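Participant: Fold the following, please.
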Amino acid sequence: MYAISLGEDGAELRPLEPWHAEEFLAHLNRGREFIGQHIPFGANATDADSARELLQSYADKRAADAGGLHGLWLDGKLVGGVLFLHFDAERGTCEVGCWLEPAAAGRGLVTRAMRILIDWAVDERGIHRVEWQASTANEPSINVARRLGMSRDGVLRESYPHRGVRQDLAVWSVLAPEWRDARARAARDDH
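Facilitator: Have a look, this model is predicted:
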C-alpha cells in the first residue's frame, strides 16, 4: 500500500488493516493501561480474533465512506494511530481522534499525522467541519487540538462513563476556511 513519512525520525502514517491484527494486538498490549486512561479504544481487543474484528469494523467504515483508521509506525513498529471516528462527506463533517502507546508520546506524531488527515478531508473530500472530542482530563489530547488550531466549542458535562466515572467531554473543531488560512499563514512564515 502506501506509507507517508512524518519526518526525519522514521515515523510513518500507513493504513491499519485487518491483516495487521497480531501487530495491532501486541501494540495495544504494550500500551493498554496508558491508552485506556481516557478512552476505551481497543479495550475489547484481547486476542487476535477480537483485534481483527476491531480493525475490520474500521475497514468496513472506510468502504462505506463513514470512517477510517491509520496506524503510526516509528522505525517500523506500530506505536499508535489516528482515525476518522465518523465521516460524513454529504454533510461535510467528520470527527477525528487518536491513540498512542507510552513510547510514542511527546514526539508530535499525532499532530503531524492529523495534519495529513485534515488536509485530505478538507482538500480532497470537501469536509467543512472537523471535530475533536476529548475528556477534559486528557490534557495531551486537548493540547493536540490546540496545536491544530482548533477552537473549543464547549463541554458536554458528564456525557459518558469511563471506568465507572462520568466524564466531561470537551468538543473542539476547525472549519475548512480556518484550516486553509492557518496553513497559508504557516507556509508564508516558513519562507
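Participant: When you work out contacts or count neighbours from here on, use the C-alpha atoms and nothing else.
Facilitator: Noted.
Participant: Flag the shaky bits of the chain, pLDDT-wise.
Facilitator: By pLDDT under 70, the weakly predicted segments of the chain are 1, 191.
Participant: So which residues of it form helices?
Facilitator: Remark: helices assigned in the chain by DSSP state H are 21-35, 48-63, 109-119, 139-147, 176-190.
Participant: Take the ones you listed and write them to CSV, including distance to residue 76 and mean neighbour count.
Facilitator: Shown next, in CSV, are those (distance: least, Cα to Cα, whole Å; neighbours: other Cα atoms under 10 Å):
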stretch, distance to residue 76, mean neighbour count
helix 21-35, 11, 19
helix 48-63, 19, 18
helix 109-119, 14, 20
helix 139-147, 24, 16
helix 176-190, 29, 13
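Participant: distance of residue 153 from residue 169?
Facilitator: Look at residue 153 and residue 169: by Cα to Cα, to the nearest Å, they are 11 Å apart.
Participant: Pretty sure residue 133 sits against residue 97.
Facilitator: Yes: Residue 133 is within contact range of residue 97, at 7.4 Å (criterion: Cα atoms under 8 Å).
Participant: Without its sequence neighbours, what residue ends up closest to residue 161?
Facilitator: In this structure, residue 161 finds its nearest non-sequential neighbour in residue 167, 5.8 Å apart by Cα to Cα, 6 or more residues apart in numbering.
Participant: The one you found and residue 132: what is the separation?
Facilitator: Distance from residue 167 to residue 132, by Cα to Cα: 15 Å.
Participant: out of these two, which sits in the more crowded spot?
Facilitator: Set side by side, residue 167 and residue 132 show more neighbours around residue 132, with 25 against 19, by other Cα atoms under 10 Å.
Participant: Alpha carbons of stretch 51-69, as PDB, please.
Facilitator: Output in PDB follows, covering the C-alpha atoms of stretch 51-69 (Å, rounded to 0.1, in the frame of the first residue of the first chain):
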ATOM      1  CA  ALA A  51      -8.200  -7.300  17.300                       C
ATOM      2  CA  ARG A  52      -9.000  -8.300  13.700                       C
ATOM      3  CA  GLU A  53     -12.700  -7.700  14.300                       C
ATOM      4  CA  LEU A  54     -12.000  -4.100  15.500                       C
ATOM      5  CA  LEU A  55      -9.700  -3.500  12.500                       C
ATOM      6  CA  GLN A  56     -12.400  -5.000  10.200                       C
ATOM      7  CA  SER A  57     -15.000  -2.600  11.600                       C
ATOM      8  CA  TYR A  58     -12.900   0.300  10.500                       C
ATOM      9  CA  ALA A  59     -12.200  -1.300   7.200                       C
ATOM     10  CA  ASP A  60     -16.000  -1.600   6.700                       C
ATOM     11  CA  LYS A  61     -16.400   2.100   7.800                       C
ATOM     12  CA  ARG A  62     -13.800   3.100   5.200                       C
ATOM     13  CA  ALA A  63     -15.600   1.000   2.500                       C
ATOM     14  CA  ALA A  64     -18.900   2.800   3.400                       C
ATOM     15  CA  ASP A  65     -17.200   6.200   3.400                       C
ATOM     16  CA  ALA A  66     -18.100   6.600   7.000                       C
ATOM     17  CA  GLY A  67     -14.700   6.400   8.900                       C
ATOM     18  CA  GLY A  68     -11.200   5.100   8.700                       C
ATOM     19  CA  LEU A  69      -8.200   4.000  10.600                       C
END
